[in-house]
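*Asks:* Predicted model follows, preceded by the sequence.
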Amino acid sequence: MKTTEANIIPYDLYAKKENMFEEVLNGLRSTVKKIPSKYLYDEKGSELFERITEQVEYYPARTEIAILETYKAEIAHTVGPVSSLIEYGSGSSKKIKTLLNALHSLEEYIPIDISKDFLFESCLKLSLEFPHLKVKAVCGDYTYPLNLPLNKEGRKVVFFPGSTIGNFEPDEVSAFLHRTFHLLESGDGFIIGVDLKKDATILHEAYNDPNGITAEFNLNLLNRINRELHGNFQIEQFQHKAFYNNEKGKIEMHIQSLCDQTVNVGQEAIRFRKGEMIHTENSYKYSVQEFQTLIQNCGFSSIRVWTDREELFSVHYIEK
Ligand code: AVJ
């Protein structure tokens, strides 16, 4: 008897370029303590992020899905025929389904994510839903150059949803856009979800949900350090802090120490003063105009922009 088989090829391109111990300790040793936001996403962190997207106050996820759903036919028409669809940071691969259904002549879907088990599980489910699609699941870090297993012929489109681009610092965002530019051929496309500048109260609520899921997500980083780097953070002695930095146009997320205390990470003692913070994430917000200027400075052409009626979120389609 024939059963439906998943059409997946897994690729492990995760050449660990980073050393978590070194990066975390360097960050904790500096005068202004900081930890790279990518470390928020261990298995538990990825799960908690999924739960954040279900919170009423966290508008970006549902608004982006609504934009994609509302304009899918128009998006597909604007993008035109595509053979390879690449997704950066695919996570649970939820948003992609709209595009997989809408885009014409798609042959392969290449999701890239650093969280291996999460990626392979999601791809398995997805592949059973789209049996005719070749899924090349790439475990890797798209912030570094990757040698992707691409079909040589045919147009490519990259999908980078969720306003994850907002995590990059201004210099990193340009480097990232340039790298994607070089991955593409002239005429290839790039669909990017970008959170818009807006009233600071709405932003504040989105990163301080009353159920405390964002707080749990942020503080989970300390659990991860305790487990993986032999730390002894007492989680109750720290609190989640998130606020909008109006001058820089970004949400900042921090972990704040509730008292004077010393924490060990491996052999090293880290001292905290009461009120001192560890900076754990930036989430830059862009007006439509600001983002268009940014991508044009990196060689791309702005083709179209879709937003929701309240102008909370934007989906840009740009081409090389
Ligand atoms: C996944 C980086 C887009 O910045 O909104 C959500 C992560 N942090 N709540 C964002 C996040 C706190 C999210 N990104």
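*Replies:* Received, thanks.
*Asks:* from the stretch 1-150 of the chain, which residue is nearest to the ligand?
*Replies:* residue 52 (5.0 Å; C-beta to the nearest ligand atom). For the C-beta atoms, the positions are set from N, CA and C on the backbone; glycine is no exception.
*Asks:* From residue 141, how far out is that residue?
*Replies:* Separation of residue 52 from residue 141 (C-beta to C-beta, to the nearest Å) stands at 22 Å.
*Asks:* Could you do residue 50 as well?
*Replies:* Taking C-beta to C-beta, one finds residue 50 at 20 Å from residue 141.
*Asks:* Now do the helices in the stretch 101-250 of the chain.
*Replies:* 116-129, 170-183, 200-206, 213-228 (DSSP state H, counting those that start in this stretch).
*Asks:* Which of those has the highest mean neighbour count?
*Replies:* Highest mean neighbour count of the helices of the stretch 101-250 of the chain: helix 213-228, a mean of 20 (counted as mean count of other C-beta atoms under 10 Å).
*Asks:* quick check, that helix touching the ligand?
*Replies:* Yes - under the criterion of C-beta under 6 Å from any ligand atom, the ligand is reached by helix 213-228 at residue 214.
*Asks:* by contact count, what packs against that helix?
*Replies:* Counting contacts by 3 or more C-beta pairs under 8 Å, 6 or more residues apart in numbering; DSSP states H and E, helix 213-228 packs against helix 43-52, strand 238-245, strand 250-257, strand 277-284.
*Asks:* if you set the cut-off to 7 Å instead, what comes out?
*Replies:* Judged by 3 or more C-beta pairs under 7 Å, 6 or more residues apart in numbering; DSSP states H and E, helix 213-228 is in contact with helix 43-52, strand 238-245, strand 250-257.
*Asks:* Now do that helix, average pLDDT.
*Replies:* Averaged across helix 213-228, pLDDT comes to 98.
*Asks:* one step back: mean pLDDT, distance to residue 305 and mean neighbour count for the helices and strands packed on helix 213-228 - can I get that in CSV?
*Replies:* Formatted as CSV, those follow (pLDDT from 0 to 100; distance: least, C-beta to C-beta, whole Å; neighbours: other C-beta atoms under 10 Å):
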stretch, mean pLDDT, distance to residue 305, mean neighbour count
helix 43-52, 92, 25, 17
strand 238-245, 98, 23, 18
strand 250-257, 98, 21, 20
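*Asks:* As a markdown table, those with distance to residue 72 would be great.
*Replies:* A markdown table is the format used below for those (distance: least, C-beta to C-beta, whole Å):
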| stretch | distance to residue 72 |
| --- | --- |
| helix 43-52 | 22 |
| strand 238-245 | 31 |
| strand 250-257 | 28 |
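*Asks:* and the stretch 151-300 of the chain, which of its residues are near the ligand?
*Replies:* Checking the stretch 151-300 of the chain against the ligand by C-beta under 6 Å from any ligand atom, the hits are 162-164, 166-167, 207, 214, 253, 281, 283.
*Asks:* mind redoing it with 5 Å?
*Replies:* 162-164, 167, 214, 283 (C-beta under 5 Å from any ligand atom).
*Asks:* Among these, which one lies nearest to the ligand?
*Replies:* When these are compared against the ligand (criterion: C-beta to the nearest ligand atom), the nearest one is residue 283, at 3.4 Å.
*Asks:* What does the pLDDT read for that closest one?
*Replies:* 98.
*Asks:* Repeat that for residue 35.
*Replies:* 97.
*Asks:* Looks like it contacts residue 281 (just checking).
*Replies:* No - here residue 35 does not reach residue 281: they are 9.0 Å apart, not a contact under C-beta atoms under 7 Å.
*Asks:* can you pull out the strands in the protein?
*Replies:* 8-12, 84-88, 108-113, 134-139, 156-160, 189-195, 238-245, 250-257, 261-265, 268-272, 277-284, 301-307, 313-319 (DSSP state E).
*Asks:* got those strands as JSON lines, with distance to residue 178 columns?
*Replies:* Shown next, in JSON lines, are the strands of the chain (distance: least, C-beta to C-beta, whole Å):
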{"stretch": "strand 8-12", "distance to residue 178": "24"}
{"stretch": "strand 84-88", "distance to residue 178": "15"}
{"stretch": "strand 108-113", "distance to residue 178": "18"}
{"stretch": "strand 134-139", "distance to residue 178": "21"}
{"stretch": "strand 156-160", "distance to residue 178": "13"}
{"stretch": "strand 189-195", "distance to residue 178": "12"}
{"stretch": "strand 238-245", "distance to residue 178": "26"}
{"stretch": "strand 250-257", "distance to residue 178": "21"}
{"stretch": "strand 261-265", "distance to residue 178": "35"}
{"stretch": "strand 268-272", "distance to residue 178": "36"}
{"stretch": "strand 277-284", "distance to residue 178": "17"}
{"stretch": "strand 301-307", "distance to residue 178": "15"}
{"stretch": "strand 313-319", "distance to residue 178": "13"}
